[in-house]
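Participant: Any chance you could fold what I've pasted below:
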Amino acid sequence: MARRRPPARRRTRRPSRRQQQKDAQLIGLLMVAAAVIGLVVMVVNWLLAHWWVLVVALVLAGLAGAGWVYNRQQQARWDVVRAQGLRYGLSQLDALHHTRFEDAVRDLMRRDGCRDAQRVGGRGDLGADVKATDPFGRRWVIQCKHRRNGAQGSAVGTPDLQVLNGTARQVHGADVAVIVTNGRVSGPAVKFAKEQRLHVVDRQTLAVWASVSRPLWELLRAVPPPRRPSSLS
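Facilitator: This next block holds a predicted model:
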């Protein structure tokens, strides 16, 4: 009688190394989640037993928030007072470094009601030193040309205005493109500015703007109309 052969064993397939890594990661995440949940439960139980700590923390947070709001309000009020009384004489402007001259132009725009006025001058500024939006919704792009010797310094020429003309509207989206200098502007540059609808603030115009409270758009001719109604219009 023939002997029966034992049935062949099925070969169990071992999980791959990638599957083992995934399983290990899953186990690790579950352990971390369990630890976090345990910690949260522990903290909640502790706070329930020591509820006064939570009350003190909320009171302190409220006081800190109120202090922050108060300081912001005080700073805003001080900025308004400072802006209303902001004045510059030509001698002051002549003595400034060129970057501080840009700051002064920015501050004058803020004084006039352009709350978002900012200095953007520097390397790669593409002809824009100060940008601002006036209360009428017009976007101003200003290029500043400071002359250490004032009226005795070199005149602002057509090439400077060509840079402004090439970038102010196309790159920066200007409604009003302006060049501001504490020095002189050459005749050809003035002619070019009129042809290209650019605005020039020379030494004389700057003296009036910096020393009185009239906004710049009241001192320049042919400024574009307002984009939106304003309380100032």
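Participant: Wait, Ala104 touches Leu96, no?
Facilitator: Yes. In this structure, Ala104 is within contact of Leu96 by Cβ atoms under 8 Å, at 6.3 Å. Backbone N, C-alpha and C define where each C-beta goes, glycine included.
Participant: Which of those two has more residues huddled nearby?
Facilitator: Here Ala104 and Leu96 are compared on neighbour count by other Cβ atoms under 10 Å; more neighbours surround Ala104, at 23 against 16.
Participant: what's near enough to touch that one?
Facilitator: When contacts are counted by Cβ atoms under 8 Å, 6 or more residues apart in numbering, Ala104 touches Tyr88, Leu93, Leu96, Ala210.
Participant: Can you tell me the element it falls in?
Facilitator: Counting by DSSP states H and E, the secondary-structure element that holds Ala104 is helix 98-111.
Participant: any idea how far Leu108 lies from Tyr88?
Facilitator: Using Cβ to Cβ, to the nearest Å, we find Leu108 at a distance of 7 Å from Tyr88.
Participant: Pick out whichever of these two has more residues nearby.
Facilitator: The residue with the greater number of neighbours, taking Leu108 and Tyr88 and applying other Cβ under 10 Å, is Leu108; the counts read 24 against 19.
Participant: what domains does the record give for this structure?
Facilitator: Partitioning the chain according to automatic domain parsing yields domains covering residues 18-82, 88-218.
Participant: Quick check: which of those domains is nearest to Arg227?
Facilitator: If you check each of those against Arg227 by Cβ to Cβ, domain 88-218 wins as the nearest, at 3.2 Å.
Participant: Compute the first-to-last residue distance for the closest one.
Facilitator: One end of domain 88-218 to the other measures 18 Å (Cα to Cα, to the nearest Å).
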